[in-house]
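>>> missing the sequence, but the structure's below:
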């Protein structure tokens with residue numbers, strides 16, 4: 001297993017490498033969308049978002065470590081990854097490595113997001129009312 005620092009750096013490099021291709025694809029989609037809205041769940045750095053978007057078109061959805069540890073692998077889109085990890089010789093260590101990687105320098109990154117002009121919402125425990133958060137996001141985006 002890669003140590004969390006090395007694994008995190010590799011993931012950031014991978015996301016960075018993909019950014020231009022993803023942005024090109026989004027531009028192509030937006031040209032064909034007409035009046036339709038395009039919503040993207042993606043990994044973009046603050047620097048990139050400040051260059052390519054307006055502040056009223058971006059929302060960061062953050063989660064506490066508690067929420068991520070409890071919910072991350074219970075999502076349908078993560079089922080294959082979870083099952084693969086469970087098949088490893090030491091699945092508990094592998095899962096812990098994944099979580100440590102996710103939270104490598106997370107406080108620093110979250111601080112940068114919260115200090116930026118972008119809107120951010122953070123889930124912590126069971127405290128967030130999902131309907132209320134969705135309404136706030138829709139309001140932020142100017143959806144009717």
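Yes, it's here. Every value quoted in this text rests on a predicted model; they were computed, and no experiment measured them.
>>> and the helix or strand harbouring residue 108, what does it pack onto?
Per DSSP states H and E, residue 108 falls inside helix 106-115. Contacts defined by 3 or more Cβ pairs under 8 Å, 6 or more residues apart in numbering; DSSP states H and E place helix 106-115 against strand 59-63, strand 119-123. No exception for glycine: its C-beta is placed from N, CA and C like everyone else's.
>>> packing partners of the last one?
By that I understand strand 119-123. strand 59-63, helix 106-115, helix 130-141.
>>> for the helix or strand following the first one, buried residues please.
It stands for strand 59-63. Using DSSP H and E, the helix or strand that follows strand 59-63 towards the C-terminus is helix 65-71. Neighbour-count burial for helix 65-71 flags 67, 68 (criterion: 16 or more other Cβ atoms under 10 Å).
>>> what does helix 65-71 contact?
In this structure, residues lying in contact with helix 65-71 by Cβ atoms under 8 Å, 6 or more residues apart in numbering are 63, 99, 102, 103, 106, 123, 124, 125.
>>> show the pLDDT at the fifth one.
So the one you mean is residue 106. Per-residue pLDDT puts residue 106 at 93.
>>> quick check: it vs residue 7, distance?
Note on residue 106: its distance to residue 7, by Cβ to Cβ, to the nearest Å, is 14 Å.
>>> over to residue 32?
Residue 32 sits 37 Å away from residue 7, going by Cβ to Cβ.
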